[in-house]
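A.B. asks: Quick one, what's the 3D model for this:
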Amino acid sequence: MTTCAGKPVLVTGASKGIGRAIALRLGAAGFSVTVHYGRDKVGAEAVVAEIRTGNGTADIIDFDIANRAETREALERRTGEAYWGVVANAGITRDNAFPAIDGDAWDAVLHTNLDGLYNVLHPLVMPMIRRRDGGRIVTMSSVSGLIGNRGQVNYSASKAGIIGATKALAIELAKRNITVNCIAPGIIETAMTEGVPEEVTSAIPMRRVGKPEEVASLAAFLFSDDAAYITRQVISVNGGLC
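C.D. replies: Modelled structure (predicted):
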C-alpha cells in the first residue's frame, strides 16, 4: 500500500466502530498503531490483539480527549515517539431538538468533538514537523457538518468546525509535506446509529447504511503514498446522501 509502512500512527476512538476499522486497516498495512480509547479498555485491547494476531504492531493509550491537560500529559509521555500520522476520530453525540438541548449537552459535544481535535493535535504537530519525513492527519467530520441534521444542532456545529479547522491546518502544514484531510461519513453501521428508521435508509440513494470498513478504506488510501498530493479536502462516504 505504501512505503510509509512501519511508521507510528495514532487513531483516537479506536476501540469500536469506525475507529476500530481504521486501526485494523492501518495495522494490516504495516503501520505501528497506537489504539486510543476513552472508556472501552476491553474493546481497545481486543483491537490491539487482533492487529498483533495479523503480525502487526500495536499498543494502547487512554485519555479523555475533552480534558486538555490529561490529553497533553498522556501524549507528552510519549515524546520519544513522534507520530507520523494521526486519525482524529473520537467523538460523541447528545441528540435532541434544539429547544431541548441544554447547556451541558451543548458543551459536552463541543468540548469533546471540537475542542478534542485541538487537544489531540496541538501536542503532536510540532513533533510531526520535526520528523522531517512528511506525515498524514485525517480528521473525522460527518454529513451533519456538511448539510446539518435535524436534532443535531450541537453535533452539526462541532463537525462543521472540524471542517474549517482541517482546511486551515492543511494550509499551514502543506510545505512540511504533511497532508491534512477530512472524512465526512454518512450513516455508518455503528453503535451510534443503531435503530436507524427505515425512512432514513430509504433517503440514501444506495438504500443502505455504510460499513465502517468502507470508511477505513478511504483513511488507508489517504495514508498511502498515492495520496501524497491530496490535502485540504473533505471527502464524504455517504452512499449519495449529499
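A.B. asks: mind listing what the helix or strand residue 9 falls within pairs with, with the direction of each?
C.D. replies: Element membership for residue 9 (DSSP states H and E) is strand 8-11. Applying DSSP bridges to the sheet, strand 8-11 is found paired with strand 32-37 (parallel), strand 85-88 (parallel).
A.B. asks: Identify the residues contacting the first one?
C.D. replies: Strand 32-37 has contacts (Cβ atoms under 8 Å, 6 or more residues apart in numbering) with 6-15, 19, 23, 26-27, 43-44, 47-48, 51, 56-63, 78, 83, 90. Glycine gets a C-beta too; all of them are placed from N, C-alpha and C.
A.B. asks: From the contact counts, what lies against the strand ranked longest in the chain?
C.D. replies: Ranked by number of residues, the top strand in the chain under DSSP state E is strand 178-185. Using 3 or more Cβ pairs under 8 Å, 6 or more residues apart in numbering; DSSP states H and E, the elements in contact with strand 178-185 are strand 135-140, helix 143-147, helix 153-173, helix 212-222, strand 234-237.
A.B. asks: of those, which approaches residue 113 most closely?
C.D. replies: helix 153-173 (3.6 Å; Cβ to Cβ).
A.B. asks: Give the buried residues for the closest one.
C.D. replies: Neighbour-count burial for helix 153-173, counted by 16 or more other Cβ atoms under 10 Å, picks out 153-163, 165-167, 169-170, 173.
A.B. asks: in this structure, what secondary structure element scores lowest on mean pLDDT?
C.D. replies: Sorted by mean pLDDT, DSSP states H and E, the helices and strands of the chain end with helix 198-202, the least confident at a mean of 79.
A.B. asks: Convert that one to PDB, retaining C-alpha atoms only.
C.D. replies: Extracted in PDB, the C-alpha atoms of helix 198-202 (Å, rounded to 0.1, in the frame of the first residue of the first chain):
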ATOM      1  CA  GLU A 198     -36.400   2.700   7.500                       C
ATOM      2  CA  GLU A 199     -37.400   6.100   6.200                       C
ATOM      3  CA  VAL A 200     -33.800   7.300   6.800                       C
ATOM      4  CA  THR A 201     -32.300   4.400   5.000                       C
ATOM      5  CA  SER A 202     -34.700   5.000   2.100                       C
END
